[in-house]
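Engineer: curious how this folds, go ahead:
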Amino acid sequence: MGRDFDKLSRNKSVVVQENPVDQWHWTETDVTEWCRLTLEKKLTGLELIRTTGINVSISRFRRMRGEATLLNRRGERIAIWDLDIYLEWSGVVRGVNGETIGGFGSYDIHLAHDDNDGEPQVKVSTLQETKEAKAMVKLLTMPQSPATPVMYRAVEQFLEELKDGSSCFARPQSETS
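Structural biologist: Modelled structure (predicted):
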């Protein structure tokens, strides 16, 4: 059989292409770094709550762990991701007497393509033991929190860009332009 193939490959009328078996139609692209940069840009400075007397926002993008891959199979893009995003929040509460009390903590998000239809799993905690900081955590985590739709919208926009895939390959703009 090896000799038959050898004869065939020498025949100029037959084009033999070197393709991995059953993978000629499949490509994988690691987009983890694009995800990190995009999430950092989208989430840093995001105002979660801005009401009379209360301001809470994401103050810092600490790190991201995990991976994200874009698969292209016969012209169809498929995104696969499993990401842990570690953020810090900070907030200020203005009291009735005009005093301001601050608080800060961690805001951690887990995103996976196969979890709850892409709905993020969020864990919020405080890095302080003050009653004000604990109250801000409750405000961030309560079911009807005004912060929840803000964060979900930002994550949803990111996931739509990831699933579309076209912005993953766009040339990044420099910070100065």
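Engineer: report the helix or strand with the lowest average pLDDT across the protein.
Structural biologist: helix 2-10 (a mean of 43; mean pLDDT, DSSP states H and E).
Engineer: what helices or strands is whatever helix or strand comes next after it leaning on?
Structural biologist: With elements assigned by DSSP states H and E, the helix or strand that comes after helix 2-10 is strand 26-30. Here strand 26-30 touches strand 54-73, going by 3 or more CB pairs under 8 Å, 6 or more residues apart in numbering; DSSP states H and E. Yep, even glycine has a C-beta here, placed from its N, CA and C like the rest.
Engineer: ok, the nearest residue to residue 51 once chain neighbours are set aside - contacts?
Structural biologist: Leaving aside its sequence neighbours, residue 51 sits nearest to residue 146 (CB to CB, 6 or more residues apart in numbering; 7.0 Å). Contact analysis of residue 146 by CB atoms under 8 Å, 6 or more residues apart in numbering lists 48, 49, 51.
Engineer: now the residues you listed: which count as buried?
Structural biologist: Buried by 16 or more other CB atoms under 10 Å: 48, 49, out of these.
Engineer: what's the closest of the contacts of residue 146 to residue 70?
Structural biologist: Distance to residue 70 across these (CB to CB) is lowest for residue 48, with 29.3 Å.
Engineer: what's the per-residue pLDDT of that closest one here?
Structural biologist: We have a pLDDT of 94 for residue 48.
Engineer: picking up where we left off before, among the contacts of residue 146, which lie within strands?
Structural biologist: 48, 49, 51 (DSSP state E).
Engineer: what's the closest of those to residue 66?
Structural biologist: Distance to residue 66 across the ones in strands among the contacts of residue 146 (CB to CB) is lowest for residue 48, with 22.5 Å.
Engineer: residue 155: neighbouring residues, count only.
Structural biologist: Counted with other CB atoms under 10 Å, residues neighbouring residue 155 total 20.
Engineer: doesn't it fall inside a helix?
Structural biologist: Yes - under DSSP: H, G, I helix; E, B strand; the rest coil, residue 155 falls within a helix.
Engineer: residues touching it, list them.
Structural biologist: Contact analysis of residue 155 by CB under 8 Å, 6+ apart lists 109, 111, 120.
Engineer: surely residue 47 touches residue 57?
Structural biologist: Yes - with contact defined as CB atoms under 8 Å, residue 47 and residue 57 form a contacting pair (4.6 Å).
Engineer: nearest spatial neighbour of residue 145, skipping sequence neighbours?
Structural biologist: residue 139 (6.2 Å).
Engineer: got a list of contacts for the helix or strand containing the one you found?
Structural biologist: According to DSSP H and E, residue 139 maps onto helix 131-141. Contact with helix 131-141 is made by 48-49, 54, 56, 89, 91, 93, 101-105, 107, 122, 124-127, 145, 147, as judged by CB under 8 Å, 6+ apart.
Engineer: thanks a lot, see you next time.
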